[in-house]
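Participant: Kindly generate the corresponding structure for this input.
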Amino acid sequence: MLIANERRDRLELLAQVVHELGHEVIAREIYVKEVGAVTARERPDVALVGLGLSSEHALDLIAEIVREAFCPVIALLSAKDPAYVREAAKRGVFAYIVDGSPEELQSAIDITLQRFAEYHSLQGAFGRRAMIEQAKGILMARHAIDADKAFDMLRDHSQHNGRRLVDVAEAVVDSHLLLLPTAEERPLTPGRALAD
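Facilitator: Residues are numbered from 1 along each chain as shown. Alright, predicted model coming up:
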């Protein structure tokens, strides 16, 4: 876990609670300009960001961690602050907890890890779907076929070669860029000048 707060004394207190819950604190950070690099280097499972004296400082910590997109962020508050929670949500926190017990913190960690895993799974599914759609479009243009026939081509190639469908689609998309005609190879059209 990464813990971040502008107050070093609060970092130490939180580190002790996290350790007692059975988690490892792999990084502690108080500086906004350092937290992004620390997040990228250490790749924590979760980041806990405490609200210290300055809400802007805490919000900047959250923004830097989220920008690295390696882990979910839980905002820790000592008192209810709806305006801060709204701003933290805009910056990408997955959860927040208000001056809770260690058990409540553990519950927040468990829920956040589950939701983050679901989020990444969904992102991956969208990415795979987009790759397959792009490959279908390339095959449709190349072979003058409809979407169903293009999908059948991808699926058949996948099955006959023992490769995942998304891997075949990715190969089509990657190789398509290599197979595009160069400017010299493109035929002249009425609207295209010789010095195109």
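
Participant: So, low pLDDT: which residues of the protein?
Facilitator: 69, 180-196 (pLDDT under 70).

Participant: following the longest helix anywhere in it, which helix or strand shows up next?
Facilitator: Longest helix of the chain, by residue count under DSSP state H: helix 102-143. Using DSSP states H and E, the next helix or strand after helix 102-143 towards the C-terminus is helix 147-161.

Participant: what is the orientation angle of the next helix or strand after that following helix with helix 102-143?
Facilitator: Downstream of helix 147-161, the first helix or strand assigned by DSSP H and E is helix 165-179. Per axes from the mean of the first three to the mean of the last three Cα atoms, to 10 degrees, the angle that helix 165-179 makes with helix 102-143 is 50 degrees.

Participant: Determine the set of other helices and strands touching helix 165-179.
Facilitator: Secondary-structure packing of helix 165-179 (3 or more Cβ pairs under 8 Å, 6 or more residues apart in numbering; DSSP states H and E): helix 102-143, helix 147-161. C-beta coordinates here come from the backbone N, C-alpha and C atoms, glycine included.

Participant: Only the C-alpha atoms, please, for the last one, written as CSV.
Facilitator: Extracted in CSV, the C-alpha atoms of helix 147-161 (Å, rounded to 0.1, in the frame of the first residue of the first chain):
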residue,chain,number,x,y,z
ALA,A,147,-19.3,-7.6,-40.9
ASP,A,148,-20.6,-11.1,-40.3
LYS,A,149,-18.2,-12.6,-42.9
ALA,A,150,-15.3,-10.5,-41.5
PHE,A,151,-16.0,-11.9,-38.0
ASP,A,152,-16.3,-15.4,-39.4
MET,A,153,-12.8,-15.0,-41.0
LEU,A,154,-11.3,-13.9,-37.7
ARG,A,155,-13.0,-16.7,-35.8
ASP,A,156,-12.0,-19.4,-38.3
HIS,A,157,-8.4,-18.2,-38.3
SER,A,158,-8.4,-18.2,-34.5
GLN,A,159,-9.8,-21.7,-34.3
HIS,A,160,-7.6,-23.2,-37.0
ASN,A,161,-4.4,-21.7,-35.5
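
Participant: can you give me the angle it makes with helix 165-179?
Facilitator: Using the same axes, to 10 degrees: helix 147-161 against helix 165-179 is 110 degrees.
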